Each structure stands twice: as structure tokens, then as C-alpha cells.
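Engineer: Quick one, structure for this:
(4 chains)
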Amino acid sequence: MVDDEKIVSEDMGVQVEKNENMEMRSFGTVKRWATKRSLWMVHYCTGCGGIELAPLMTSRYDMERFGMHPMVTPRQSDVLLITGYVNIKTLKRIIRTYEQMPDPKYVIAFGSCPINGGPYWDSYATINHLDKYIPIDLYIAGCMPRPQSIVRAFEDLMDMIQDGTADGYMRYKKYYEPYKANQEKIFRKWW
Amino acid sequence: MTIKREGSLFSPFRALKQLGKKPHTVQIPKVVKPPAERYRGFHTNDLEKCIGCGNCSRICPDNAIKMVPFPEYAKKEPGSMPLRPQIDYGRCCFCALCVEVCPTGSLQMVKTFTHVDDKKESFVFIPDSKVVHETPDFVLDTKDLRRK
Amino acid sequence: MKEVDLFFGPQHPGITGNFSVRVKIDGDTVVKAQAIPGFLHRGFEKLMEMRHWMQGPPLICRICVPDADHSETGYSMAVERLAGIEVPERGKYIRALTLEMSRLSAYLFYFAGYGGSIGLYTIAQWAIGDRDYLLDLYEELTGARVYHIFNFPGGPRWDTPEGFEDRVDKVMDYLEKRLKEYDKLYFNNMVFLKRSQDVAVMKKSYAEKMEVTGPNARATGWAIDVRKDDPYAAYPDLDFELITQDEGDSYARVMQRRLEFQQSIDLVRQITKKLRSMPRGNVRLIPNALHWKIPRGEAYAAVESSKGELGYYVVSDGGISPYRMQVRGPSISHGVQVYEEMIVGQRLADVAALMFSLDVCPPDIDR
Amino acid sequence: MSEQEIAERIAKFPGADVEVLRKGQIAVKVPAEKGHDAAAYLKKMGFAHLVAVEYVDWIKENEFELVYNLFSYKMKMRAFLKVRIPRDKPEYITFMDLWPIAMTHEREAHEMMGIVFRKNPNLTPFILEDWKNLPPMRKDFDSRKYVKDKYDSIPFAEGGEQ
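Structural biologist: Presented below is the predicted three-dimensional model:
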């Protein structure tokens, strides 16, 4: 068992190195352009904001015009939407989902609640600052944000991907220890 | 009021008829769909009119409004306080209770609603009468919709 | 054969909201199920003890997300009963208008969800798209799309804008026209019939035993409705008959909503007709929002939400905030125990479909 | 039937303290040991439906109050059957034999208030997960203090700047 784990982690190391090499070449620009044009998001509505995703995904505001589509599994997705407040029971699943997603991955937080608690600022069941536990690339103001705001956020995210400033997943690797320590303060046991 | 209980194999294809219709998709961001007249968006505050009473801060169910000192408004008129509201949009739930209890009517809500940023600090600001928002999207115009 | 444990959700596109079911399957037949709620728990009942009476509606509207107006109104009614205040006549009608529009939008969400869960994605596209016209109306009346924060203790916040009734009627005409197309595409569709007829039959006796309320109970032939049994808002003056079905299967549950959809359209038309003939202005009694004290006592108020009876039990100790407030979410009966029992013996493909057909709303179980 | 007539009929149950609250709502207080009998009596009388089980923490009197919210679709009347149990020993008997749905309500009351219902087989964790603190709906549980101690004390992962 131990040997297996070693092999896996070594494999991952090789993978990371390869990616960095690819970034070094000018091929990176093309790759980023291609990434931003086909963002698939995880079909996971974690809070009340999921209700505004429905008009966005369907005919009235039609998200597929931007090359975005809900994907049923996290392993094929690029974007994780945190749609509203995060309960501690959900946070565990969010972290699991986030860690399952392949690089590059982006997180957009909806509404007031993930920023500073929102209406549930004094609730014992919801965390107030989501960015203590996972890195977030973009915040959207509003309760709920209107579909226009969400579309704007997607556009901004695409611009950020093109610039290379949407680096949440790299920050997660860099600050992995503090992130993990914060997560462990919340949960007594993992599963 | 009963529905015929019979199915047909062609029922699913009836949707194809919709192909000839005009789409009802709102083509944002190319087309701007302005919000309604009563829409509760971000706040504006007439700093001259505001008397710093702090009613908004007390009624806020989310503890989002903090009164911050403004020394230049000190002793301007009797009964006014040198304080002005600072609003945290990481707390605000856009209920407009603060607008309802404002005795002078200086605190208002306007129709702009978009603020997207990667910095958390940008969600806390002191609303005043001119600058609705830090990002230039408060003009509902197609040209301004791209943040560049 | 070997039995397999399977986790359904919380990250699963077929699950309503954020919910999880742990099923034990034999082949693809479910032999045991355990519902795991709590992913949307926010502790409303605790938070309300720390808010003033008037600060309630901005928070409490979040109990059931697709059906926010019923949540606000139930709370407001309980507070009104405690304080002994009566809403002005026009206020009652505007309140009933928002409630019926909320029911329409929740039913459209329901059609979309059930259609999506059995593979009819066109319906999901249509129904959610049509729901948006109702949200536009809401935006015009209340100033927000989803959380309207409109029905306060004492009455609705504002009067209707000029010409609003005509625009409501226009949208109702549109929805009625669309409902005919829905009939052809959805309610007569072979896929829908095959997937829903004789699936998960709920008997009337079972519904009575397990205290199922709302459209699910009426689909079994049990004629109950809070609008009739414990009338509120403008419903005593409105003319409508209860609709019931007899079969109690998934088909009956969907058809129950489809028939009530038509009924709600008729009710909205009655309300707008009445609103036009009324003098404008007096809609709300405004107590002092900052220091409003409610006499000691307790009260219960229930509304017929799109999922069933949504009730609020409010206790006051004479202070400026509730001493205790408890919510009776409609899904607490049909979302946990009834769902766990009804799913046994169904196919795996129906786990999500049954959840939609019962209209389980996880946030009102968790609160 | 008016509220007064129904209240008089309920008052025939020994030990019941009946009060008409308002139109369509009657409160019935009984001693804790007679709660199950009173519930059976009310069920037989026509209050056949258990809408919810409410639980109130009266911390000054050192008691928990359980409110069985009953409804009669025939009489169109609600009855709140109230029993009080001591706060130090929060135990009560389950009403599952009268209304099967009481299982879920009692499971919730057990989790949120810490009341143990004897003979209820399913008092497993329901909504909360890994909860080791006081049951959250108790009055002596301070949510704001808990948030301050638990969530606000956690530092930002990326040096406090972000």
C-alpha cells in the first residue's frame, strides 16, 4: 500500500513539472485561450444561489453561448460555483469536490454569504469566510446576484484566465499547509 | 378540467415547431436588460443631507452598516452627528429596511447591481451621492459593460 | 445477489437542492434508503431569537428558495395574530397575489425538475424560461427577483405600480397559452406516461397516516388545503374549488400540479380584477420597526405553500424579538420518512424522479 | 362547533388546563405523566393529525415545553397539547404509536434540544454533523459567542492579506 502511494505521488510530481514546462513555452497562451472558451462547471448548487443558475442555464439567459455547460462530475469540470452560504456539513463536500477537480480549476463565490457571512453572520452552522478554507478567484456581490452579474463574472473569469491571473489552484498548492490546518480546525473527523 | 390520457410517439417532436419562432433569450451582455423601477441595488447616500443618526445601522438585520467618523461634518447643524454609514456588501442582503427607516431620505437604493471583483476589500465602502460604485458599470450602456 | 450501498448526492444533478440519500440496491431495485438532510442547515430558529420582530422577513424568506413568499407570509401572519393586528383589505389582496404568483413559479420549477429527471430536457428549458416572466413581474412589484422581502407583519410593503394588473393579466394569458403546448409536449408524452404511471403509488390511508399535506395529499384523493381549512389573506373571498386526483402515483402528482396551475391562473385573474376596482393606497399598517414589542403569548399560523402546509409557531415573552420561533416545513413529512418508505422497491432510476415527483424541498427540512 | 364547546369537551379530561387562544386555536396543558393519555384522548376526539412537535426552552423555570400541534380537518380546529418536562432530566415517552411521523419530529427535537424520547428507535444524528457542543436550540447556547470562538478565530490562509 505504501509503495502504491509513493508511486502515485511521484506521478503527480511529474505531471506538475510537465505543466510548468508547457507554460514556459509560448504554447501556454493558446492553451489558456482554449481553456477559457470551454469552461465546464460542476453541477452542484450549494446554497440558495442555485436558483438563479436555473434561468442562466436554460433558455432565457442561455449560458451555453459562452461555451459553459453544467457537468455532472467534478472530475471533468473546470469551474466550481459556490452558490451562497456554506454550511459546515457542505463545506466538507465542497473541499472533497474541489480536490477531485483537475487543474486548472477556478472557484466563483456567489453573493454576500461567502464573502463575510451575509444574513447568517451569527449562525452557528455556517462559516463566514470561505476563503479561509479554499482559494476563491472571483466574488459576485448581491443577494441573489442577477444573471447579468453572473455573466459578467464569467466574462471576467475568462479575461483572468487569458491573463493568467486566475491562479487560485496554484495558491492552493502553495499555501496547502495553512489551508489544510484551517480545514482541520473545523472538522472533527474527515469521514 | 381533464387532460386526454393518451400519448403519441410524435409528442417529443412537437417541440420542433418552436424553431420558427423568435428566440426569447435575452442576449446579455450584448443586449442590456435594465432592472425595474423599484429594483433594490446598491446604496447611495447624500452625505450633506445625512445627519448620522445611525437608524440604518440599528435596523440592519445583518450588522452590515457601520457608522464611521467624518470629522468634516462635525457641528454642522444641531442634532447631527459627524458619522456616516459604511456598508459591507459581504453582509448586505438588499432588504432596504435601512432605506425605509432613514429619517431624512438621504440613503437610497439605485438600480445598479453588478460588482464582481477578486479582492474582498472592494466590497466594503462608504456610499455617497455621486459614485455609485467603484467599477464603471453603473451606466447601463453596452459600451461600458466590458470591464477594460 | 450482493447488495450494494450507494450514495446519491449531495453532488448529483438529479437531487433537488442539496440533499443526500443513501440507498442499498439489489440489482437496480432499492431495498433500503436513508435520507441525509442537513446540508442547508442555517439555524433560522436560533437566529430569529437574535433579531427584532421587523427584522424577521429579510431572513425568514430563505426557508424555501423557490417559494419565498409563502415563507415570509407565514411568519408575518403568526406575528399579526400575536399582536392582534389586521391587514387592510387591499393589503390582503396584494398578499394573495404574491402568494399565487409564487405558487405558479414554484410549479413551473417543479415541471422543469421532473421533466429533467426523466430526460425531457425541453420541458426544463421551457418551464424555467417561462418562470422568468413571473420573476420580471416580481421585480416590478417588490424590487427583487428571488427574495422579495415584501410581506411584512402589518401588510405588504408597497402598493402595486401603475398598470401592474394589466401586465399580470398579460403574463397569465401567455402562461395559459403555453400550458396548452405543455399538454402536448409533456403531459401527453409517451416517456412521461411510461415513467410516471403506476410508479410509487401513495394510498389515501397512507397519506393520512403519515400526515402528508399539500398537492401530494390531494393527488391521493384527500381533499385538504390550508387555504380552505384555515383561511388566510384574501382566500375566503375568492372563488375556487379543491381539485383532487384518485390514483396517487407519480402521474397523479404531476397532473395535480398541472391542474392547480390552471386554477392559480384563474385565482390571479380574480385578484387582479378585484384590485382594479379597489381604491389605491392603504396597504400596510406600519408599527415602529425599531422598538416594536409584542404581548406575551404564542401563535401558530400556516399557509398552503406549493409543497404543503408551511407553519410557524411563534412564542413571545413580551420583548422586542421572538422568544422562540419554530418552522414546520412541508417537506419534513414527505421528504424524510415517507420518501424513505416509498422508494423501497422502486428502480434506481426513480430515486431522483420520485424526489421530484414528491417535490421535496431540502431547505425547509434543514432550515 | 365553536371553540368554547370544544374546549369544554377537552376539559373533561382529568388534569387538563384548557385555554382558547384565538379563533381556531386552543391550548391544552397537561401534566407530563398524563401527556400520552391526553394525546390519545384528543386523537379519539377528532384531533387526528399531528402537524408538528414544537419544543420551547423555558430556562428561567428550568423546564422544557413540548407542544404537540394537532389539527382536526373535521372541526377545522388546532389544539396545542403542552407538556413540561424538567430541564435536568430531559426525557419523555415517544408518541410514535399514535402518529408514526412523530419519529422524525422527535429525532429533530432530540438533536436540537437534547430531549431523549424513550422507545423511539431512531434518535440518530439528523441535521447536524459531528456536533459535540450543547444542543443549539437551548437558550444557554450562545450562537454569537460560538461563531466568534470557532470561525472568527481561524486565520486567513494566505497571510491575512487576501
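
Engineer: Per-residue pLDDT of A:Met158, please?
Structural biologist: With respect to pLDDT, A:Met158 scores 87.

Engineer: In which helix or strand does it reside?
Structural biologist: Taking DSSP states H and E as the definition, A:Met158 sits inside helix A:147-163.

Engineer: Which secondary structure elements does that helix sit against?
Structural biologist: helix A:27-37, helix A:50-57, strand A:106-110, strand A:138-140, strand B:116-117 (3 or more CB pairs under 8 Å, 6 or more residues apart in numbering or on different chains; DSSP states H and E). (Each C-beta comes from the backbone N, C-alpha and C, glycine too.)

Engineer: ok, now with 10 Å
Structural biologist: helix A:27-37, helix A:50-57, strand A:79-82, strand A:106-110, strand A:138-140, strand B:116-117 (3 or more CB pairs under 10 Å, 6 or more residues apart in numbering or on different chains; DSSP states H and E).

Engineer: Restrict it to CA atoms and write it as PDB.
Structural biologist: Provided in PDB are the C-alpha atoms of helix A:147-163 (Å, rounded to 0.1, in the frame of the first residue of the first chain):
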ATOM      1  CA  PRO A 147     -28.000  36.600 -14.100                       C
ATOM      2  CA  GLN A 148     -26.400  39.700 -15.600                       C
ATOM      3  CA  SER A 149     -23.900  39.800 -12.800                       C
ATOM      4  CA  ILE A 150     -23.100  36.200 -13.100                       C
ATOM      5  CA  VAL A 151     -22.500  36.500 -16.800                       C
ATOM      6  CA  ARG A 152     -20.200  39.400 -16.000                       C
ATOM      7  CA  ALA A 153     -18.300  37.200 -13.600                       C
ATOM      8  CA  PHE A 154     -17.900  34.600 -16.200                       C
ATOM      9  CA  GLU A 155     -16.500  37.100 -18.700                       C
ATOM     10  CA  ASP A 156     -14.200  38.500 -16.100                       C
ATOM     11  CA  LEU A 157     -13.000  35.000 -15.200                       C
ATOM     12  CA  MET A 158     -12.300  34.400 -18.900                       C
ATOM     13  CA  ASP A 159     -10.200  37.500 -19.100                       C
ATOM     14  CA  MET A 160      -8.400  36.500 -15.900                       C
ATOM     15  CA  ILE A 161      -7.700  33.100 -17.400                       C
ATOM     16  CA  GLN A 162      -6.300  34.700 -20.500                       C
ATOM     17  CA  ASP A 163      -4.100  37.000 -18.400                       C
END
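
Engineer: what pLDDT, on average, does the helix or strand following it get?
Structural biologist: Next helix or strand after helix A:147-163 toward the C-terminus (DSSP H and E): helix A:168-174. Mean pLDDT, computed over helix A:168-174, is 84.

Engineer: for helix A:168-174, packing partners?
Structural biologist: Applying 3+ CB pairs under 10 Å, 6+ apart, one finds that helix A:168-174 contacts helix A:88-100, strand A:106-110, helix A:176-186.

Engineer: which stretches of the chain aren't confidently modelled?
Structural biologist: With no chain named, the answer covers chain A. Within chain A, the segments meeting pLDDT under 70 span A:1-26, A:188-191.

Engineer: oops, chain C please
Structural biologist: Ranges of chain C meeting pLDDT under 70: C:1, C:286-289.
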